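> Take this sequence and fold it.
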Amino acid sequence: MQKVYGPYPTDTPDPASWQPPSNPGAGGLRGRYLWTDAFGVINFITLSREKEDPLAQQLYLELARRLADTVHSVLGRTRDGTSRLLGATDSEPLKGGLRIGKLDADGPDSDGQYHHYLTLWMFALNRLALATGEARWNALAVQLAKAIHPHFMAKRGGQETMVWKISTDMRQALVKSKGNLDDVDGLVVYQLLQDTAELFNKQDIASNDPALPSLNTEIENYRRIMANHPKSLSGDPLDLGMGLWTSHFDRTAPWLRALAQDGLAIARDRFLPAARKPNTGLPHRLAFREFGACLGIKCYVDVDTDTNDTVQQQYQHLYAGAKAVLDAWEGKLLDAADEDLRPINLVMYAAALIPGAFCNGYVSLGTVEADRPG
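I've put the predicted structure just below:
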């Protein structure tokens with residue numbers, strides 16, 4: 001984390017002088033890239049929980065807060081920073097969504113908004129709310145969820161579906177195909193946001209927005225889309241990992257169990273055998289995609305609630321396989337071929353080593369369980 005967000009102090013609970021670095025920072029325009037910074041926030045939360053010193057715990061939570069605020073002030077504005085994104089206001093800063101943070105304004109790899117980046121950022125804000133006990137972070141996530149949802153919805157052949165990428169101003173679709181797991185991510189994350197909002201209300205914790213809008217309409221929209229698009233995972237390691245990560249939030253829902261079984265089979269039969277081959281080409285592999293797979297595997301199999309010995313042995317084998325992949329990368333990340341990918345490689349490596357706040361139940365508010373996608 002120091003290699004991406006440092007130098008930051010480690011000897012004070014109030015890092016007043018620290019600002020997330022802008023060059024290269026998270027690797028995007030003006031140092032911010034939404035996917036990378038979502039991992040950054042979640043990793044800082046993990047560090048706050050892994051430290052025993054109360055002052056260190058406060059420090060890492062404050063770093064997470066400051067990173068979140070900086071992302072909103074940069075990616076919630078136009079590329080030149082002169083104005084908020086269309087639809088956003090000072091009182092509702094995320095109503096215009098959040099930019100990806102791409103370096104290019106135009107072209108095939110231009111800036112815009114990705115649904116899967118936005119839902120990951122919502123999850124990061126949700127974890128920050130639970131870790132700090134500050135309802136405003138989850139309220140911001142709900143604000144973002146309500147704002148972006150209709151712009152990713154589409155109809156093709158008379159059926160509800162989604163688009164993968166929209167323009168920065170949310171006025172047009174830039175990639176009209178549907179992301180493989182976008183509806184799954186939406187359903188699970190939006191339900192987490194709603195459950196957390198209800199949790200804060202039950203515990204009478206003050207919110208800046210006591211009349212927080214319901215996400216029921218959006219959740220049901222995702223359910224309908226899922227019904228029309230059978231779920232399966234591709235052989236892509238990142239798709240595999242994020243599918244397993246999403247699935248681990250509810251091991252009883254039939255559709256998530258089916259998705260997880262698909263993912264575990266791909267991990268066992270395809271990903272781990274390929275990733276553990278002689279690593280002569282290691283610097284030229286896409287490290288962050290492998291780390292995404294390892295993160296998802298570890299989140300799903302690191303449980304002690306399943307009493308089936310055969311399943312436990314399978315899980316232990318998968319966990320050991322993921323650890324072996326990470327061990328192969330140890331000390332080699334700075335040698336990876338593409339320097340532009342260094343920030344995303346580093347933050348995802350850290351998360352795969354210690355999944356922490358990515359895991360169901362790692363952060364909670366009181367004794368009421370908030371991690372239930374329904």
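
> which residue ranges form the helices in this structure?
Secondary structure of the chain by DSSP state H: the helices cover 2-5, 34-50, 54-75, 115-132, 135-152, 182-202, 216-228, 237-247, 254-266, 272-275, 287-301, 309-329, 342-353.

> so what secondary structure elements neighbour the fifth one?
Helix 135-152 is packed against helix 115-132, helix 182-202, helix 216-228, with contacts defined by 3 or more Cβ pairs under 8 Å, 6 or more residues apart in numbering; DSSP states H and E. Just so you know, the C-beta spots here come from the backbone N, C-alpha and C atoms, and that holds for glycine as well.

> could you dump those helices to CSV with mean pLDDT?
Shown next, in CSV, are those (pLDDT from 0 to 100):
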stretch, mean pLDDT
helix 115-132, 98
helix 182-202, 94
helix 216-228, 95
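
> Among those, single out whichever gets nearest to Gln316.
Each of the helices and strands packed on helix 135-152 has some distance to Gln316 by Cβ to Cβ; the shortest is helix 182-202, at 25.9 Å.

> Would you confirm that Leu264 contacts Gly296?
No. Counting by Cβ atoms under 8 Å, Leu264 does not reach Gly296; the two are 9.9 Å apart.

> Not counting sequence-adjacent ones, nearest residue to Val301?
Spatial nearest neighbour of Val301, excluding adjacent residues (Cβ to Cβ, 6 or more residues apart in numbering): Tyr315 at 3.7 Å.

> Would you agree that neighbour is in contact with Lys298?
No. In terms of Cβ under 8 Å, Tyr315 does not count as a neighbour of Lys298; the distance is 10.0 Å.

> Check whether Trp329 really touches Tyr349, as I assumed.
Yes. Here Trp329 lies in contact with Tyr349, judged by Cβ under 8 Å, at a distance of 6.6 Å.

> Comparing these two, which shows the higher neighbour count?
Comparing Trp329 with Tyr349 by other Cβ atoms under 10 Å, the one with more neighbours is Trp329, at 23 against 20.

> and that one, how far is that from Ala350?
Distance, Trp329 to Ala350, using Cβ to Cβ, to the nearest Å: 12 Å.

> Could I get the phi/psi values of Ala16?
Main-chain dihedrals, Ala16, degrees, to the nearest 10: phi -60, psi -30.

> Please determine how far it is located from Leu59.
11 Å.

> The two: who's more crowded?
For Ala16 versus Leu59, the count of surrounding residues by other Cβ under 10 Å is larger for Leu59: 24 against 8.

> Can you name the residues that contact the more buried one?
Residues in contact with Leu59, defined by Cβ atoms under 8 Å, 6 or more residues apart in numbering, are Pro9, Thr10, Thr12, Pro13, Asp14, Pro15, Ser48.

> just those residues now: which is nearest Arg257?
Ser48 (32.0 Å).

> mind listing what the closest one touches?
With contacts defined as Cβ under 8 Å, 6+ apart, the neighbours of Ser48 are Ala56, Gln57, Gln58, Leu59, Tyr60, Leu61, Ala64, Ala131.

> can we see that at 7 Å?
Neighbouring residues of Ser48 by Cβ atoms under 7 Å, 6 or more residues apart in numbering: Gln57, Tyr60, Leu61, Ala131.

> got it, and Glu339?
By Cβ under 7 Å, 6+ apart, no residues touch Glu339.

> Repeat the analysis, applying 10 Å as the threshold.
By Cβ atoms under 10 Å, 6 or more residues apart in numbering, the residues touching Glu339 are Pro24, Gly27, Asn345.

> Lowest-confidence entry in those residues?
Looking at pLDDT alone, the contacts of Glu339 dip lowest at Pro24, where the score is 83.

> quick one: common contacting residues for Trp329 and Tyr349?
With Cβ under 10 Å, 6+ apart as the test, Trp329 and Tyr349 both reach Ala287, Glu290, Phe291, Cys294.

> Return the distance of the third one relative to Leu240.
When you say that, I think you mean Phe291. From Phe291 across to Leu240, the span is 12 Å (Cβ to Cβ).

> Of those two, which one has the most company?
Ranked by neighbour count (other Cβ under 10 Å), Phe291 and Leu240 place Phe291 first, with 29 against 26.

> The more buried one touches Glu330, doesn't it?
No. If you go by Cβ atoms under 10 Å, Phe291 and Glu330 don't touch, sitting 12.0 Å apart.

> Spit out the residues that contact those two alike.
By Cβ under 10 Å, 6+ apart, the residues touching both Phe291 and Glu330 are Tyr349, Leu353.

> Surely Lys332 touches Arg342?
No. In this structure Lys332 lies outside contact range of Arg342 using Cβ under 10 Å: 11.9 Å.
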